Structures are given as C-alpha cells and as structure tokens.
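[1] The following comprises the amino acid sequence and a computationally predicted model.
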4 protein chains.
Amino acid sequence: MAEERRGQQRLRVAMVGHGFMGAAHSQAWRTAPRFFDLGVEPEMAVVVGRDPERTEAARQQYGWQTASTDWRAVVTDPDIDVVDICSPGSSHVDVAIAALEAGKHVLCEKPLANTVAEAEAMTAAADAARAKGVRSMVGFSYRRVPAIALAKQLVEAGRLGTIRQVRALYLQDWLADEDGPMTWRLDKSLAGSGSLGDIGAHAIDLVEHVTGAQLTTVSGTLETFVPERPLLADGVGLSGTASSERGQVTVDDAAFFLGRLGGGAADGAIGSFEATRYATGRKNGLTLEISGSAGAIQFDLESMNELRFYDATAPAGAQGFQRILVTEPEHPYMAAWWPTGHLIGYEHTFSHEVKDFVEAIVAGTDPSPSFDDGLHVQRVLDAVERSAADGSSWTVI
Amino acid sequence: MAEERRGQQRLRVAMVGHGFMGAAHSQAWRTAPRFFDLGVEPEMAVVVGRDPERTEAARQQYGWQTASTDWRAVVTDPDIDVVDICSPGSSHVDVAIAALEAGKHVLCEKPLANTVAEAEAMTAAADAARAKGVRSMVGFSYRRVPAIALAKQLVEAGRLGTIRQVRALYLQDWLADEDGPMTWRLDKSLAGSGSLGDIGAHAIDLVEHVTGAQLTTVSGTLETFVPERPLLADGVGLSGTASSERGQVTVDDAAFFLGRLGGGAADGAIGSFEATRYATGRKNGLTLEISGSAGAIQFDLESMNELRFYDATAPAGAQGFQRILVTEPEHPYMAAWWPTGHLIGYEHTFSHEVKDFVEAIVAGTDPSPSFDDGLHVQRVLDAVERSAADGSSWTVI
Amino acid sequence: MAEERRGQQRLRVAMVGHGFMGAAHSQAWRTAPRFFDLGVEPEMAVVVGRDPERTEAARQQYGWQTASTDWRAVVTDPDIDVVDICSPGSSHVDVAIAALEAGKHVLCEKPLANTVAEAEAMTAAADAARAKGVRSMVGFSYRRVPAIALAKQLVEAGRLGTIRQVRALYLQDWLADEDGPMTWRLDKSLAGSGSLGDIGAHAIDLVEHVTGAQLTTVSGTLETFVPERPLLADGVGLSGTASSERGQVTVDDAAFFLGRLGGGAADGAIGSFEATRYATGRKNGLTLEISGSAGAIQFDLESMNELRFYDATAPAGAQGFQRILVTEPEHPYMAAWWPTGHLIGYEHTFSHEVKDFVEAIVAGTDPSPSFDDGLHVQRVLDAVERSAADGSSWTVI
Amino acid sequence: MAEERRGQQRLRVAMVGHGFMGAAHSQAWRTAPRFFDLGVEPEMAVVVGRDPERTEAARQQYGWQTASTDWRAVVTDPDIDVVDICSPGSSHVDVAIAALEAGKHVLCEKPLANTVAEAEAMTAAADAARAKGVRSMVGFSYRRVPAIALAKQLVEAGRLGTIRQVRALYLQDWLADEDGPMTWRLDKSLAGSGSLGDIGAHAIDLVEHVTGAQLTTVSGTLETFVPERPLLADGVGLSGTASSERGQVTVDDAAFFLGRLGGGAADGAIGSFEATRYATGRKNGLTLEISGSAGAIQFDLESMNELRFYDATAPAGAQGFQRILVTEPEHPYMAAWWPTGHLIGYEHTFSHEVKDFVEAIVAGTDPSPSFDDGLHVQRVLDAVERSAADGSSWTVI
C-alpha cells in the first residue's frame, strides 16, 4: 500500500491479546485515524497471542500485519512504539512493566491489575517511564462516551451546583438463569473477581471522573446468589473441577456498596453503587445519576447517545429532565463523525480512546486516566471486599 | 337529602385530622361509593381537629356533616362506626387504642406510630378488638395503585420466578436547595423521623407487599447533608429555636439501606433501599424494580398508570420490557373507573383503600395491611436506625 | 344535610343523560367545590334520563337528589339554574335551545351537534341568551388538562416562535380486531359520524385552542377498513339489521386530513390530523406535536401529566426535549390538588371544566369554549367529509 | 502489507464520490470484512472525484490505495470489480450505466436518479447486465438497521396480522430557523428535490420493505414555509443568485402524503407519510409505526437500537409495547458485533449493506434493493409531486 498520508510519521502498534477487547481495540486503531487528524499514522504492526493458530486467525480477521506468540520479544522490539494490552488481567503486570521499561507507550485495558500490589508495581513503572517521556493510560473507555464527556463538562461548569448524591449501577442479567453453566469468569482463581471487579470498576471510575471527586471510605456487601452451577461437558477453562457435575461459584454475583466522596464539586457526597449480573432484562445497563443543588443528570449506557439534564435554576413550572441527543458538532468528539442526529455505537468509545492516547503521545503530555487512576480504582475494589468481609463496616480506602 | 341507596345500611365515619391526608381521605369517602358497590353507604359524619375555626373550615371544604374538637367524645360516640385517623403520627396511639376499645373499626394513616413501643401497643389493641369483630387497617395506600396490584399478581403467578434483587427508591427533591427554610419536618422532636420514616416506610411496605417476603436483617446509613437551615421569621412549629437565626436539622435528609428478605418468592433476595429529599428533579419518585429468574418489573410512581414487565421466558430475540398501561377492565380496580386508556391519579388509591376497608367490614374479614404489618415496618425503620448508629453493621429486625 | 358553606348561594344543576359522560360530569360536580373556591355551592339537583329504572339507578350511583324522565319539565323548572347536557349528540339541539330559552346556563358535551345546521341553531340560541346574561359552554374537556393549558401558555408567551407544523393524532385500537362485533357507534344513522366526529373533533379543538389559530381549508380522506362486522345476538341498538348475520359499518374507521391554519402564532402553518380506532396498542392516544421557529412541544394523553418542551433558543449542545411533570403549584389548576409529583387523572379535566364554567357564571363573563367554537369544529368536520367525498380536494371551511 | 486472508480472492472496489456518503461507504468497506466472513477480500482500490487535490485528500483520509479524477477510465478498468457510486444524484445515470456495461457490479446510493426517466434507463441497464451475472443494488441503507430487519421478520411471521395503517415520518429541523442561509440543497436546479426526495424517499422504501407491499396511489401536498433565505457572502453553490441578497427556495420544505398500499400483509392499508426539515427538536427522526390486526411496531432512528413491539394476541391485561433492545446474537446482523446490550451506530448499516452486497456477488444472486426497487421509489416521488401540483388529487403511481 502506498504511504497513507505523506509526511506523517508512523506509530507502530503491538496489541497483546485478541479476545473481545482485541476486536474492539483493533477496530479503534483502524478507525481513529480515518475520522480524527492524529498527527501521526498508527500502523497495526503485530498482534500477540499464546496459541499460534488462533493468533494468526486473529491477525487475519482483525487486519494486523504480523502475528507473534512471543510478547517479550515484541515489547522490546525497537520497531514498536506502542503496546496495547488487551490480555487477561493477570498478565497485565508483566507485560506493562516490560513494555514501559523498554520505553514503549502503554495502553492497558481495565482493570489495571488483579491486585493492589500488582497495580502499585505498574504505577511505579509508569512513573519511572514518564520521566523519560513514555506515556501510559488505562482503558476506562466509557469516559469517552460523548454523553459522559458532556456530563463532566456540565459538572465542571457548575451546572449541577454542589453534588450531594450519586447513584451508579452496572446492571447485566446473564446469570439470571440459575441453570446457566459454570464458566471461568465465576472461578476466582481465574477471574480474580466477579461483578465487582469486572463491571463495578467501570462504575467507580465513571463516578470519580464525572464528579472530579474520589471515594474515601466504603461500606460494601458481596453476594453469591447461586453457589453452584452445572459444569459444561468439556470443563473448558475450569481448574480441577472437571470430574464433578457442578462447579463452585467462587466470585460475587452482585456487589452493593455505599461510599463517601471527597473533593471537587462532590465533596461530602454519598455514592450508591451496584454491580450485578442478575438484573433481569438489563443487558449492559451502566446507569449514572447525579443530584446536585443546581441540577441533575441521568445516563444509561443502553441509550448511550443520550444525556438527561435537569436544570434546577430554570423558572418554577418550566423545569424538567431534558433529553439531550448527544450527536451535535458542539458535543465532545462528535464533530468528527456524522451529521446531527446520527448515532454512534459502543466501539466508538475505543476510537476516542485511541485518539486521546495518540494525541497525548504526539503532544508529549500525560493521557488520562493514568495508571494512578487505575490503581485508585483497584484500592476501592479492595476496600469494598474488606468491608464486605467485615460485616459491611465502613472501610478507609 | 333523600336516602341515597334504598335498603342500604349506613356506615357513619369520623375522621380525625384534616391536613393533606384529611383532604385525600375525604375525597375517598366521597368518591368510593360512587364507583364501587360497597354494600353499605358510608356517611361523612364528623371531622375532628384541635382548632375550632380551622376544623369548621375543613368541614365546609371537605364536606363533612359536623365538626368537633373532642376526639375522645367522637371515638366513643355510639353513632359512629368507623374512625379514620389522619392526624400526626404522635397522636395515633391514643386515638387508635381508644377507638378500638370502643369497638370502632379503625383506618390509621402510616406510619402506624412514631415508635416501636407505640406500634406494639396499637397492635395489641387491634388483636383484642379483632376477637370482637372490630377491623383495623393501616394506610399504606400505594398498595392500591393498580400497577402495584398487578405487579403483585405477576409475582404470585410466578411470572418473575425466584426473586433475587429488589431496588426501592423514594426520591424527592424539596430539600435540594440548601437555602430552603427550616420546618417542623426537619425537627426530630416534632417529626419523629426524616426521609426514612416519612417516605422510606412506603418503600419498605411496598417491597414486602409485592414480593410476599419480609426483611430480616438490614445494614443502614443515615445522612444529613445540610445540618442547619434558615429559620422562618415566625418560627412557626419550631421548638425553642425562635431566637437564633438558623435551626438545627435533627432528622435524616437521606437514608440508604440494604436488607435481606425471607419468605415467599423472594426468599434470600437482597433489597436495596433509598429514601431522600435531595434527588434533584424527582418530585415523588417512588421507584420499584424487582429482578427474578423468570422476569422483572419496573414501576415509578410519577408514571403510576404504567407497569413495565420483562418476560425472561419469551423466545430469545423477542424479549424486552413491556409498558403495560394499567387502565384495562382486567386490571385491578380499573373496571370501576373509565374506559381503557384513561388515567387515574393519586387520590384514587385512597378510594381503593376505602373500598377494600369497607368491603372487609361488610364481609367480616380482616383487611390488609394490618396493624401487625404496620408494626413490622416500624421495626424495620428502628433496625435501620440502630444499624446506622453502629457503623452500618448488619442488624436483625 | 346542613348547609355546606354558610352564606354561599346555591347553584342547582340538572344533568341530562347518564352514560359514561354522566358519570364523569357527576364526579366533577361533586368534586370541584371541594378543591376550588367557586363562590357558589353547586347542588346536584336532578338527573334526567329516558328509562325510569335506569335513571333512578343512575341517581343512586352518581348521587343526585332526584331523578326525572321529563327533560322538558326539568329545563324549564324555575328551581334549576344550570343544565348540563350529556345525552347523545342527536338530542343536543332540542335540549340546549329549550334550556337557553328558559334562561338556564348550559354546559353541552361535545360534539355540539350532529350537523352544522343544528350547531348553527344552537349557536344562535346561545347568542340570544348571552344578551340576557345566560352562559353557554361546550365540553371540550381536554383543554383543561394542565399540560395542555401549559402548552397554550408557552405558545402565548412566544416560546415556540412562529409555528409551522402541527400534528394531532387521536389513536385508539378498539376496532383492530376485525371480528369485533357491530355496535351502534358504527351505524351512521345512530352515531352520526365515526372516528372523525367522535375523537377527531377533540384533535381539531385542541390544535386551534393551543395555537390560537383556526383551520381555513382541509384535504381529507375517510376510510372504512372493515365494512361488515358480526351482529350481536340481540342486535341491540341496530336499526333494521336484526335478521342478517353481519351488519354494515356505515361510518369511517379512520380519518386523515391536512389543514391550513390562519391567525395567531400559527398563521400559515400546516396541520396533519388523524383519528383512528385501528392504532393497535394505543388506547387513548391523543397526541399533539407543535413545531415552531423557537421551540416545540409534544403531548400524549396516555401520559397526561407530562408535557415535553424543546427550547430551540437554548445554547447549541444544550438543547433537548424537556419532560415537564405538570404537577407543580405554578402549573394551571394544580395548586388546588396534591403536592408536587402527585398525578391527577382523566376526570380531573371535568372538575376543571365545572370550575371554569361556574366561575364564569359567578363573574358574569362568557366561558370558553363557546358554542361558536363548537360550531366551528362542526364546520371543519363537515369540510373534511366534503373533501373526502371529492377525492381529497382542498375544501374551504 | 502481507496478504490479508490467505486463499481469499480479492474484490477490487472503486468508489465514485467522496462527500459525506463517501466517508460512510469507506468505513463500511474497511470494516465489513473485519466482522463478517465475506468469502472474498474487498480491496479499497481507487476513489474518484472531480478535483485532484480534494480527491487526494479524501484518499488519504478515507484510506484508499489510489485517487483518480477520470471516472470513465476507472469504471472500465479491467482491474476493477465493483463500482460504488456516492456522487450527487445527477451523475448516477451516466456512471452506473457505463459501469454496468463494463461488467462491474454496481452499488448506487439513493435516490437512484433525479428523474424517473434516468431511473428507467439505469434499471434497463441493470437488467441487461444481470443476464451476464453482473449485480446491482441501490443504497437504502436503513433496511439494514437490525431493528428494521427484525420488524420485517415480525411482519413476515404474521405477528402483526393484517396491516391496516402505517405512519412513516422523517423529521429533521435544520431549516426551523428562518434566518438560516440559502444553500444548494434548497435550489431545485441543483438538488432536484427538497425534503421529499432527500429523506421522504427513505420513508417510502422503508414502508414498502417492511410491509412487503407497494404504494399504488397517492395524495400529496408540498409546502415551502420560507420562500427566501439569506445568501451566504460567497454565494457558493448557488446558480445565478450571487448578486442579490436573498435567494429563492425552489424546493419543498416539507412533504405530506397519504398512500394506498397493495400486496403482502398490508394489502389495502393506508400509509401516512411526512418528510420535513422544520420539525423543531428532531434531528434525524425517521419514525415508523405499523398497526395490524395482531400487533404493532414502533421505530425511531434516533433510538435505532430499539424496536417496540405490541402483541395484540397476548392475554388481556398483559399487553403493552415491548422495548426490544436489538443487540442480541439472535437479532439480524448482531452476532457479528459486540455482546448483548452494546449498541451499534449509524455507519454499521453501511457495513451491513456491503456485507449483503458482497455476499450476493459471491453467491451469484441478486442483492436487494434492486434498481427496480429504486425506480419504483422514484415513481412514487413523481406521483406525489404530480398530486401536489393537482390539488392533492389521488394519483396513480
């Protein structure tokens, strides 16, 4: 292929992992430069996986130039500029630290790590690398939903006033059927966490991002509604359970917690959180509601192009939640896409992530959310688990 | 006036109290016999208040035959059959017990009492009276919203399967403005409780009514966001605060609690509750969501004629929350009102309450919710307060 | 019963007709004085019907003092002040003219009459009576939905700017099943008109009322989707069809028309109208959408406590349809009812109608909508029928 | 770049035109093979435009291999397999016929042409080419919205029964401000048509596609609300108007028409259509409502991932519009994308179009919609214009 954009420098990207997240990231690397002027031309250089055949299949499907099964070689390859980590959480710490030490910019999927200790080591590596101009970012992609970015703008502009209450629920229902099979995601030794870490982490980051405040203490409850589930015939992905007929669910089905927020417009606010896989009828219902002295917002990821805003300073009798269809050129990220009223979808948030990440690399600034932000979320998750283990007692983060 | 319905017995009613609830109850006594065939003809005999002038004004406005300031005389008047108690919570215990001992059927507004001890005494009196054929009922009127009655039918028919999670929020916003004035409702010595008792009580009763289960343990948090508020010039209704410029808010602004449910289709479920006066933009948002293995329901009192139902047993690809406009003759209570598609409003729930109460009197059966149900709600409120005072520890009801 | 409000004059009311509308009007006469200070005390003096037994049953059920089968005697009874006409459309002309000539104030249900000629005669009688201080009003009760009254306020305040388009649909579905039985409503000789006159009349009045403009020309289409329907065994209400097995539907099932508006903020606007009984799933869906240069509104009678308002003058990026829950004391009629956030229902519009009618009588002013307004609607209906008969040609009203 | 998928044949694509539609088609050609197994590997060979610099810029931005300003050379280039026409409507006839005669498969954006005569010539060319195995398709991409595809499935499965009424509105508001500038889209000599052809064409195709019926006669009205608009300083795109200060709007601002449908489940149904650029607050509101004897559907392009379905055969009391979030693997096209509950956006419909087009080429079948379908829409548009010019008389298509 001829040079895509004459005079533009290349940014050669390696992607580690090629599951569902790999598909989303590939689409973002392919798409972002077509809609945003990034200043460099990203090149989808290499995809890395464990299994040679499956990695080659992913290369073909997702359109990477080459495939590799040797992540250590790739992350130290002088021809690689960026390492994009989409592999399971347990692998993040090794890959990220090696890549950062090799001077590669790193985009790491959430959760940053499976434990606080791992996240601390990664954050230290990111700090050391930052001193050398190496950029790092953690992939809480929902920050890049335009409606969420608009919500943050409204908060920052004072349109909500003093925030008193926040409610963030992440509602899914794929476990509602108690006869659904056991999977690796329900085995703590493989998945690390259940609803709390998988989807609750998004809710935490979103609340802190939009309000500009941080959780300081939490009171949490974890629940496993269905403790045993049928094993699939092949027992794929399950450790040591292949011979029995039912497997033990060792992670939380649902997590509930309250937290106090400190800082920003939400100083002193109370946040109410829930993450569940038993919310029958809700498929990907990340809902956010923020109530302040001057206004309120409502958001639901299942209607991700909409933000509802209530202006409590409007004249009496003329107040009401206003459905803003966040598709206008004035809205964050949207000028790059389609005319007003044309929706974007889930994967666009990853294109926005790639855009912001690459722009930060080019500008020599630190992208957000940082590994430090990722570490903080990890600490919140840890505090919720400790609180739950201690009878929901309020626990400092 | 000529005899309204020939051959029908009269049921002479005394109403104690004539505030907002008195207006609603008056409208119900006036309306119920016009739309339902009650078997007797209620007669709005006497309204009782403290202040002679205001009571007479209420008599005229609400259309009662006579007015009185002597509740003790009224509740023992042999010409009175029913005592309807709409006065403040602190007065319930004396009026109800006297009326029950005098053999009057008693309809008592919620909350049943201000303390568990009072509620226990009232329940004991109700039990004693029941043995003599005297009926008693507590006024959780939202049970009589047709959409709520339909939700209960769906649960009882097994359409939700095993219930795992319940979320009940009562959202108001009249305190969102921190410069709003101090009122008697924010003074614990007068109001007894804040959001928790005032509106949280409705959420508790609704969850237990619809699921058929009872809360057994709770973990709660109470919060007062704005501890001081401006005193009104006249200091009306505030005890001992008239000389200062700001009054102390001594009740909860918002209450959050988790509870475990036992019994019925929701045995082992977790309920998440919130009652707040700071939910900017929500005026009377009593929302109920119930998630089960076979289905789910959603309800919002601000759209009280609608119930959303999700049937998880429908074929894959054809599932979705169904907006049922609960205005058809097949729906509870609705055959008596208007043609399909015509809405009813807030006060209709009181007409339904009167209907069910009077029908129970006529049939010689016990109406529901009983004083015992009211006592149970009181015990839940008490357990939430104890849990909140003990760092949100799980507390047995 | 003792005098209700000392010092207040009585207004003795006779109601002619006791079907569905009679129930609604009775509830309004009973309720309005309890929530509004009318200045006089309406007295439900006599209900008039054809059949003695059914009229007496209605008297008992609806709570009128006496019953009569002689409407002529009643409307000339010196003891009667107001005649409220709820009988079938064909009877309006005789009753109204007799009552007006006898000096009674007349509230007449819509449609004013079955033909333009009848409506003209009634309007002439109303004009003659007006000169003697006699008031007349036609019952387009939906004008008194608070959300509609608010919409009119917004138009009048210029919040919609120049109105260009209006869409008014009245959607019902009770004929969607082609095996549903033949009824008198489908026989032109009995019903006069189908969807057009029954529900389309409401849409016409609502558009003209809210915009302040009048239709000047129309292009219409009438359709009968199911020309024959099964006859009920008893053939009740059907003239001369008892011996056959299927009856001919001789009215329109659905009516569609465009109209040009003249005057007010909507001068030159185009209105799109539809009235149908085949809109599967819609029960009482009177929807109104108005688009102007500065804003827009949306209304649906199935959510009658809500108005959606779009402010096109808000800053770019912060525009959206705002759901106003029309339950605040600042909203039309609502201060009289319940606290903010508590809904009202269908029959409240009739209480508002009675309030406005009685207040006009007391004040000696002319209530609205006048018989002239009712005549105009009749002329629009007639023009639509003529246009439909002439291949949808544009027809002057 | 190494061969993308070993063993797969290439399909070399030329795209003519590179405006807004070119961006959407480019994204589709780039994306479709990454999510669907097409059986061949499309290659984005050449983009064609008039202006060399702008075409080269488009090549770089949209990622095509080469750029050309000579469409005739490109469409006869033996190395090209597919011609994708995204240029203005007036150019379609020449490019499409030349490409078809050269044996290229042609995907042509809607509207097929600017006149019925052009569309007839193109359809004749497509018929001739079909005989030689050359495929042609017109780009009514909204057929590929999964919710629309699901609606069609429901109709075909008889879930709506006999369809009686259809309402299809295409609502935009970019002309609501009367001071908005004159543009080439409002000049008939350049744009060919106004709302009717631009967006009304989508409404027509959608109704016929989903119902399986065709419009046979129409009664239409065209309206230009604002006949003159300010000219932009540079007068870009306006013919012969540069010297005056205001330009004449020579196309319709809004189009309204009724039509009778013949064939399929909607035989005898009436369709109500509207296309407008004055629907204040609606940005891209293509709404579709279909009412049948057994059910109904509702769709709004501004919530394109949702379909509302009403099942009139469900038990009485349990009916209601069901919001289906069309994101499940069972739903059309969706298995290829993200997990349940994750939305797709506007441009996905073009990826689906490319998928279906390429699959038809590979399978040797005729894709749909055909040029014949495009011609039919053109004839409907023409009939609406003729009817409008003749006082809305019913006009045969």
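    Yes, it's here. Numbering: from 1, shown residues only, chains lettered A, B, ... in the order given.

[2] Poorly predicted segments of the stretch 101-250 of chain A, please.
    Low-confidence segments of the stretch 101-250 of chain A (pLDDT under 70): A:233-244.

[3] what ranges do the helices span in it?
    A:116-130, A:146-156, A:188-191, A:195, A:201-211 (DSSP state H, counting those that start in this stretch).

[4] Now tabulate these in TSV and tack on distance to A:E223.
    (Glycine included, C-beta is placed from N, CA and C.) Below are those laid out as TSV (distance: least, C-beta to C-beta, whole Å):
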stretch	distance to A:E223
helix A:116-130	22
helix A:146-156	28
helix A:188-191	15
helix A:195	9
helix A:201-211	16
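
[5] right, and the ones you listed - which one's nearest D:S87?
    The closest of the helices of the stretch 101-250 of chain A to D:S87 is helix A:146-156. By C-beta to C-beta, the value is 30.6 Å.

[6] could you check the angle helix A:201-211 makes with the closest one?
    Interaxial angle, helix A:146-156 versus helix A:201-211 (axes from the mean of the first three to the mean of the last three C-alpha atoms, to 10 degrees): 40 degrees.

[7] So for helix A:146-156, what gets flagged as buried?
    Within helix A:146-156, the residues that count as buried by 16 or more other C-beta atoms under 10 Å in any protein chain shown are A:146-152, A:154-155.

[8] which other helices and strands contact that helix?
    helix A:201-211, strand A:285-292, strand A:295-300, strand A:306-311 (3 or more C-beta pairs under 8 Å, 6 or more residues apart in numbering or on different chains; DSSP states H and E).

[9] Please parse chain A into its domains.
    A:10-141, A:145-396 (the TED database).

[10] how close does the residue most central in space within chain A sit to chain B?
    A centroid search over chain A (C-alpha atoms, centre = their mean) returns A:F140, at 2.7 Å, as the residue closest to the centre. Separation of A:F140 from chain B (C-beta to the nearest C-beta, to the nearest Å): 24 Å.

[11] same thing with A:V358?
    A:V358 sits 38 Å away from chain B, going by C-beta to the nearest C-beta.

[12] How about that residue, nearest residue that isn't a chain neighbour?
    In space, and not counting its chain neighbours, A:V358 is closest to A:L38: 4.7 Å by C-beta to C-beta, 6 or more residues apart in numbering or on different chains.

[13] What's the separation between that neighbour and chain B?
    With distances taken as C-beta to the nearest C-beta, A:L38 is found 39 Å from chain B.

[14] Deepest in the core, which of the helices of the stretch 101-250 of chain A is it.
    Compared across the helices of the stretch 101-250 of chain A, helix A:195 shows the largest average neighbour count, a mean of 27 (mean count of other C-beta atoms under 10 Å in any protein chain shown).

[15] Quick one: residues in contact with it.
    For helix A:195, contacts defined as C-beta atoms under 8 Å, 6 or more residues apart in numbering or on different chains pick out A:170, A:172, A:251-255, A:275-277.

[16] For A:R308, list each beta-bridge partner.
    With DSSP bridges applied, A:R308 shows beta-bridge pairing to A:Q298, A:R323.

[17] Now for it: which residues touch it?
    Shown in contact with A:R308 (C-beta under 8 Å, 6+ apart): A:297-299, A:321-324, C:320.

[18] Return the member of those residues nearest to D:E306.
    Distances from D:E306 to the contacts of A:R308, taken by C-beta to C-beta, are shortest for A:R323, at 14.0 Å.

[19] What is the neighbour count of that closest one?
    Counted with other C-beta atoms under 10 Å in any protein chain shown, the neighbours of A:R323 add up to 21.

[20] which ones are touching it?
    A:306-308, C:320-323.

[21] can you pick the most crowded of those residues?
    Greatest neighbour count in those, by other C-beta under 10 Å, goes to A:L307: 28 neighbours.

[22] Mind checking the domains of chain A for the one nearest to B:L222?
    Closest to B:L222 of these is domain A:145-396 (C-beta to C-beta; 10.4 Å).

[23] How far does the closest one stretch from one end to the other?
    30 Å (C-alpha to C-alpha, to the nearest Å).

[24] Am I right that A:M44 sits in a helix?
    No: when DSSP: H, G, I helix; E, B strand; the rest coil is applied, A:M44 is found to be strand, with no helix at that position.

[25] Tell me how many other residues crowd whichever residue of the stretch 51-200 of chain A sits closest to chain B.
    With C-beta to the nearest C-beta, the shortest gap between the stretch 51-200 of chain A and chain B falls at A:R164, namely 4.7 Å. Look at A:R164: counted by other C-beta under 10 Å, it has 28 neighbours.

[26] Would you mind measuring from it to A:A157?
    Applying C-beta to C-beta, to the nearest Å, the value for A:R164 to A:A157 is 18 Å.

[27] Residue numbers of the stretch 101-250 of chain A in contact with chain D?
    A:172, A:174 (C-beta under 8 Å from any C-beta of the partner chain).

[28] Pick out the residue in the stretch 101-250 of chain A sitting closest to chain D.
    Closest point on the stretch 101-250 of chain A to chain D, by C-beta to the nearest C-beta, is A:Q172, at 7.1 Å.

[29] for that residue, phi and psi?
    In terms of degrees, to the nearest 10, the main-chain angles of A:Q172 are phi -130, psi 170.

[30] and it, how many neighbours does it have?
    When neighbours are counted by other C-beta under 10 Å, A:Q172 registers 23.

[31] ok, back up a step: could you measure from the closest residue to the residue nearest to the centre of chain A other than its chain neighbours over to B:G158?
    Once flanking residues are discounted, A:F140 sits nearest to A:D205: 4.3 Å by C-beta to C-beta, 6+ apart. Noted for A:D205: a distance of 39 Å to B:G158, by C-beta to C-beta.

[32] picking that back up, to D:G212, which of the helices of the stretch 101-250 of chain A lies closest?
    Nearest to D:G212 among the helices of the stretch 101-250 of chain A is helix A:146-156; the distance by C-beta to C-beta comes to 36.9 Å.

[33] need the contact list for A:S90.
    So A:S90 contacts A:114, A:192 (C-beta under 8 Å, 6+ apart).

[34] Which residues does stretch A:330-344 contact?
    With contacts defined as C-beta under 8 Å, 6+ apart, stretch A:330-344 is touched by A:35-36, A:144, A:146, A:149-150, A:153, A:305, A:325-329, A:348, A:352, A:355, C:316-317, D:20, D:24, D:172, D:174, D:282-285, D:301-302, D:304-305, D:343, D:345-347.

[35] Mark which of the residues you listed are buried, thanks.
    A:35-36, A:144, A:146, A:149-150, A:305, A:325-328, A:348, A:352, A:355, C:317, D:24, D:172, D:282-285, D:301-302, D:304-305, D:343, D:345-347.

[36] Show me which residues of the one helix or strand A:S387 maps to are buried.
    In this assignment (DSSP states H and E), A:S387 forms part of helix A:371-389. Within helix A:371-389, the residues scored as buried using 16+ other C-beta under 10 Å are A:371-385, A:387-388.

[37] one step back: who are the contact partners of the residue of the stretch 51-200 of chain A closest to chain B?
    A:268-270, A:291-293, B:176, B:225, B:254, B:278.

[38] Quick one: end-to-end length of stretch A:25-45, please.
    Counting by C-alpha to C-alpha, you get 13 Å between the two ends of stretch A:25-45.

[39] What are the buried residues along it?
    Under 16+ other C-beta under 10 Å, the buried positions of stretch A:25-45 are A:25-36, A:38, A:40-45.

[40] Mark which of those residues are part of helices, please.
    If you go by DSSP state H, the buried residues of stretch A:25-45 have A:25-35 in helices.

[41] Redo the residues you listed as a markdown table? Include pLDDT.
    Listed next are those as a markdown table, based on pLDDT from 0 to 100:
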| residue | pLDDT |
| --- | --- |
| A:H25 | 98 |
| A:S26 | 98 |
| A:Q27 | 98 |
| A:A28 | 98 |
| A:W29 | 98 |
| A:R30 | 97 |
| A:T31 | 98 |
| A:A32 | 98 |
| A:P33 | 96 |
| A:R34 | 96 |
| A:F35 | 97 |
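
[42] I'd say A:E289 and A:V166 touch.
    Yes: under the contact definition of C-beta atoms under 8 Å, A:E289 touches A:V166, with a separation of 7.1 Å.
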